[in-house]
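K.L.:
one predicted model, sequence on top.
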Amino acid sequence: STDSPGSRDPTTVSSPAKVPNSGHSPAAPEDQGGDSGNVLISSVRTKLADVERYLRAVNARRRRLVTVTIVAAAIATLLTAPAALGGKALADWLTETFELSSPSWRILCAVAAVCSLIAALATQLHASKNYEEHIRRAQEVRVTLEMLEVAITLNHLNEHEATSQYLEIIESTSFIEPAR
């Protein structure tokens with residue numbers, strides 16, 4: 001298979017063995033004197049930083065929702081277990097001990113219901129935001145940008161190929177929310 005510039009897959013970066021060597025090391029875009037190379041590598045690095053920020057924010061949101069779900073569900077279980085296992089005797093003892101105006105089982109069940117509702121809402125929010133898919137896609141974009149950055153820096157792609165690949169990557173990032 002030949003690797004002519006027009007036949008390359010835009011998501012692949014040619015290996016150093018396939019790049020013709022003119023007897024000297026390829027210059028980084030910063031060393032080539034061309035402003036367009038500097039602008040492109042700067043754009044790639046800026047987009048890479050945006051993707052990293054997005055991944056940090058989305059991972060943090062996802063972790064918070066998972067934690068809320070687990071904690072709220074566990075509290076709901078812990079609140080209903082004493083009344084279920086201890087029966088009337090335990091419920092009466094709790095009511096007496098804490099000098100409650102309502103039977104303790106009612107309070108326990110009400111708080112457990114609220115915790116259960118919170119767990120259900122957090123679970124639904126997590127599912128509706130599709131965090132796992134967005135994280136997976138953002139990680140793919142990050143890797144592709146990193147590969148493009150290396151290819152540009154090592155001068156493995158001409159300016160047209162690099163720009164084309166960058167534009168394709170930009171198109172695939174529409175799901176990424178701007179940093180707040």
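P.N.:
Yep, it's here.
K.L.:
tell me the first helix or strand C-terminal of the helix or strand bottoming out on mean pLDDT in the chain.
P.N.:
For the chain, counting by mean pLDDT, DSSP states H and E, helix 35-97 ranks last in confidence among helices and strands (a mean of 93). Later in the chain than helix 35-97, the nearest helix or strand by DSSP states H and E is helix 104-129.
K.L.:
from the middle of its chain, how far away would that next one be?
P.N.:
Relative to the chain's own centre, helix 104-129 is displaced by 26 Å; criterion: C-alpha atoms, centre = their mean, to the nearest Å.
K.L.:
again, but for stretch 78-94
P.N.:
Here the centre of stretch 78-94 is set off from its chain's centre by 42 Å, with C-alpha atoms, centre = their mean.
K.L.:
same deal with stretch 143-157?
P.N.:
Counting by C-alpha atoms, centre = their mean, stretch 143-157 is centred 22 Å from the centre of its parent chain.
K.L.:
which of the residues in it are buried?
P.N.:
144, 145, 147, 148, 149, 151, 152, 153, 154, 155, 156, 157 (16 or more other C-beta atoms under 10 Å). Where you see a C-beta, it was placed from the backbone N, CA and C, and this is true even at glycine.
K.L.:
do the same with stretch 66-82
P.N.:
Of the residues in stretch 66-82, those scored as buried under the neighbour-count criterion (16+ other C-beta under 10 Å) are 68, 69, 72, 73, 75, 76, 79, 80, 82.
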